[in-house]
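> Return atomic coordinates for the entry below.
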Amino acid sequence: MTKNKKKIRFSLKKLIYNDKALIICSVIAAVIIWVATSMNLSPETTKKITVPVSVDFTGTVAEQLGIEYYGNSSLTTEVTVSCKKYLAKDIDENDISASLQTNTIIAAGYYSVPIVVSAAEDADFTIVSYFPTTAQGYYDVAQEISLPVELNFINEDFAADGYVVGETTLNQSNVLVRGAAAYVSTVDKISADINIESGQKESQVITLEPAAYDKNGAKVDNVSLVIPDGETSLIATVPVLKVQDLSPAVTFTAGPNNPESFLDIKYSVRSVQVGALESAQLSELNLGTVSFGDLKPGENVFKFKTADVNGVTVLDGTNEITVTVTVPDSYTTKVITIGINDINTDTENFDVTVNGISERGVTVAGESDAVAKLDKADLKLSLAPENGEEEISEKTKKCRIVISINGNGRYWVLGSYTASVTVKSK
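The predicted structure is shown next:
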């Protein structure tokens with residue numbers, strides 16, 4: 001037999017006469033009434049908020065003319081708002097927008113432009129006032145020019161005794177001048193001061209602060225200077241060089257070892273006074289290289305410009321040095337005939353076909369007895385890139401012919417030889 005379940009019925013009468021329930025309902029009702037009353041009857045208050053002012057030329061005549069604003073880059077206005085006191089702490093600059101009324105600018109010039117301030121659409125406050133209500137600034141077309149940096153040494157005699165100052169180098173020789181066209185057009189030069197204490201024996205690396213000047217030498221402040229190519233600052237390297245007397249020398253290439261043992265080498269000067277880094281520890285002045293490919297039996301003359309020697313500053317006025325290299329009379333030359341098929345064309349990735357060679361005869365110079373015994377079998381011919389190419393590729397049309405000589409004796413190949421080629425991938 002199924003038992004009947006009791007039905008629970010809501011009774012307002014019982015609820016009213018239930019003390020606990022009545023107390024709870026009363027508290028809830030009181031809180032709701034208090035909150036509603038506080039919100040509606042909360043006293044009004046004011047709050048001041050500093051708001052950044054934006055500059056936007058979108059859709060204006062100024063934008064079409066390429067005009068930009070040149071004034072206070074951190075322009076702000078102080079806005080006073082009125083709101084309920086309990087809301088004041090949550091209102092900040094993000095609830096307010098401020099901008100210049102740029103549609104009033106229709107030509108370049110100096111203007112006082114109104115500042116427009118507005119609240120967000122869902123704002124629970126009103127804007128009472130703001131100050132300043134206008135912003136002064138110069139409006140003009142932007143211009144950019146590049147100018148070289150001139151160095152101004154405040155103390156020119158800063159090297160210690162026995163040392164001299166070399167040529168100063170900059171990480172960027174030019175800087176960009178940017179700003180309003182009216183101001184940029186007045187810039188005549190860019191100058192940077194260098195002030196180094198006396199008695200220096202080591203090179204100096206200095207971060208410079210370049211400035212723009214007009215033709216009268218007055219500083220131009222209303223422009224910005226930008227270091228190009230991603231550099232963050234302008235840096236000068238001022239070499240301090242030790243004064244030295246060095247004997248000239250040359251390096252021989254593409255020939256026998258110990259050339260000084262059988263060649264007569266004479267220089268037009270015995271020594272040259274130079275300034276060089278003390279850390280380089282130079283023992284001679286290396287003028288450059290002499291290739292055995294240019295050395296014929298007899299007298300050979302080479303001229304070297306001292307200005308082409310890296311790492312030194314010539315102090316005694318020597319501009320050119322003549323080097324005379326005499327190959328002994330006991331040396332002679334011999335022409336050995338070669339052909340296309342004598343050239344090794346093996347490469348890892350390409351098939352190389354030699355179409356022609358610049359010379360059919362290779363001239364070999366050396367000791368008479370040794371040269372007389374040479375023939376084509378003693379020559380090893382291979383190909384190498386020409387014209388600055390790093391390696392032979394399908395684009396290669398011309399190669400150097402590299403010639404080496406097997407056997408014992410002092411001999412070398414005179415001149416240079418090339419081959420026209422066709423290169424295809426394997």
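> Need the contact partners of stretch 247-260.
Outside stretch 247-260, the residues that touch it by C-beta atoms under 8 Å, 6 or more residues apart in numbering are 262-263, 265, 267, 269-272, 284-293, 295, 302, 304, 321, 323, 366, 410-413. Bear in mind the C-beta positions are built from the backbone N, C-alpha and C, glycine included.
> Which ones among those map onto strands?
Judged by DSSP state E, those include 265, 267, 272, 285-291, 302, 304, 321, 323, 366, 411-413 as members of strands.
> Drop anything exposed from those.
Among those, those buried by neighbour count (16 or more other C-beta atoms under 10 Å) are 267, 272, 285-287, 290-291, 302, 304, 321, 323, 366, 411-413.
> Where does Ile336 sit, in terms of helix or strand?
Assigned by DSSP states H and E, Ile336 belongs to strand 331-337.
> Can you name every helix or strand that that strand contacts?
On a contact count with 3 or more C-beta pairs under 8 Å, 6 or more residues apart in numbering; DSSP states H and E, strand 331-337 meets strand 361-367, helix 368-372.
> ok, now with 10 Å
Contact here means 3 or more C-beta pairs under 10 Å, 6 or more residues apart in numbering; DSSP states H and E; on that basis strand 331-337 packs against strand 361-367, helix 368-372, strand 411-414.
> and it, which residues are buried?
By 16+ other C-beta under 10 Å, the buried positions in strand 331-337 come out as 331-332, 334, 336.
> Repeat that for stretch 64-78.
Applying a neighbour-count criterion of 16+ other C-beta under 10 Å, one finds 65, 67-70, 75, 77 buried in stretch 64-78.
> residues in contact with Ser173?
For Ser173, the contacting residues are 146, 148-149, 228, 234, by C-beta atoms under 10 Å, 6 or more residues apart in numbering.
> coming back round to it: residues touching the strand holding Ile336, excluding its own?
262-263, 295-298, 342, 359-379, 403, 405, 410-414.
> Tell me the strands beside it, with direction?
Partner strands and pairing direction for strand 331-337 (DSSP bridges) are strand 361-367 (antiparallel).
> how about the strand it pairs with as CSV, C-alpha atoms only?
Output of strand 361-367 as CSV, limited to C-alpha atoms (Å, rounded to 0.1, in the frame of the first residue of the first chain):
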residue,chain,number,x,y,z
GLY,A,361,101.9,29.1,-74.9
VAL,A,362,102.7,29.4,-71.1
THR,A,363,105.9,31.4,-70.4
VAL,A,364,108.0,29.9,-67.6
ALA,A,365,110.9,31.8,-66.0
GLY,A,366,113.6,30.4,-63.8
GLU,A,367,117.1,29.1,-63.5
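> roughly how far is it from the heart of the chain?
Centroid displacement of strand 361-367 relative to its chain, using C-alpha atoms, centre = their mean, to the nearest Å, is 49 Å.
> on that earlier part again, let me have the helices and strands packed on strand 331-337 in a markdown table, extended by distance to Thr422 and mean pLDDT.
Below are the helices and strands packed on strand 331-337 laid out as a markdown table (distance: least, C-beta to C-beta, whole Å; pLDDT from 0 to 100):
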| stretch | distance to Thr422 | mean pLDDT |
| --- | --- | --- |
| strand 361-367 | 23 | 94 |
| helix 368-372 | 34 | 90 |
| strand 411-414 | 25 | 93 |
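> quick one, which of these is nearest to Val243?
Judged by C-beta to C-beta, the one of those that comes nearest to Val243 is strand 411-414, at 38.6 Å.
> For my notes, confirm Pro228 occurs in a strand.
No. Per DSSP: H, G, I helix; E, B strand; the rest coil, Pro228 lies outside any strand segment and is coil.
> That one: neighbouring residues, count only.
When neighbours are defined as other C-beta atoms under 10 Å, Pro228 has 11 of them.
> quick one, phi/psi of it?
Dihedral pair for Pro228: phi -80, psi 170, per degrees, to the nearest 10.
> contacting residues around it?
By C-beta under 10 Å, 6+ apart, the residues touching Pro228 are 146, 172-176.
> that older thread, can you redo the buried residues of stretch 64-78 as JSON lines with distance to Ser118 and pLDDT?
As requested, those are exported to JSON lines (distance: C-beta to C-beta, whole Å; pLDDT from 0 to 100):
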{"residue": "Leu65", "distance to Ser118": "26", "pLDDT": "89"}
{"residue": "Ile67", "distance to Ser118": "24", "pLDDT": "92"}
{"residue": "Glu68", "distance to Ser118": "24", "pLDDT": "91"}
{"residue": "Tyr69", "distance to Ser118": "20", "pLDDT": "91"}
{"residue": "Tyr70", "distance to Ser118": "25", "pLDDT": "88"}
{"residue": "Leu75", "distance to Ser118": "16", "pLDDT": "93"}
{"residue": "Thr77", "distance to Ser118": "12", "pLDDT": "96"}
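> Mind giving me the ChimeraX select for the contacts of Ser173, buried ones only?
Of the contacts of Ser173, the buried ones go into a single ChimeraX selection, burial set by 16+ other C-beta under 10 Å:
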select :149,234
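> By pLDDT, rank the contacts of Ser173 and give me the bottom one.
Ranked by pLDDT, the contacts of Ser173 bottom out at Pro228, which has 88.
> could you measure that residue against Gly288, distance?
Here the criterion is C-beta to C-beta, to the nearest Å. By it, Pro228 lies 34 Å from Gly288.
> do the same with Asn300
According to C-beta to C-beta, Asn300 and Gly288 sit 14 Å apart.
> In the longest strand belonging to the chain, which residues are buried?
Of all the elements of type strand in the chain, the one with the most residues (DSSP E) is strand 134-153. For strand 134-153, a neighbour-count test (16+ other C-beta under 10 Å) marks 135, 137-140, 143, 145, 147, 149 as buried.
> Run through the residues that contact Asn300.
Listed by C-beta under 10 Å, 6+ apart, the contact set of Asn300 reads 263, 290, 294, 323-327.
> From the residues you listed, pick the one nearest Asp193.
Distances from Asp193 to the contacts of Asn300, taken as C-beta to C-beta, are shortest for Val323 (43.4 Å).
> My guess is the closest one contacts Val301. True?
Yes. Using C-beta atoms under 10 Å, Val323 makes contact with Val301 at a distance of 7.5 Å.
> picking up where we left off before, now for the contacts of Pro228: which two are most distant?
Maximum pairwise distance in those, criterion C-beta to C-beta, is 12.2 Å, between Ser173 and Leu176.
> Please identify every residue contacting each of these two.
Among the neighbours of Ser173, those also in contact with Leu176 (C-beta under 10 Å, 6+ apart) are 146, 228.
> So, low pLDDT: which residues of the stretch 151-300 of the chain?
Residues of the stretch 151-300 of the chain meeting the criterion pLDDT under 70: none.
> What segments of it are strands?
Applying DSSP state E, counting those that start in this stretch to the stretch 151-300 of the chain gives strands spanning 163-165, 169-170, 174-180, 189-194, 204-208, 211-213, 223-226, 234-238, 240-246, 248-253, 264-267, 272-276, 285-291, 298-305.
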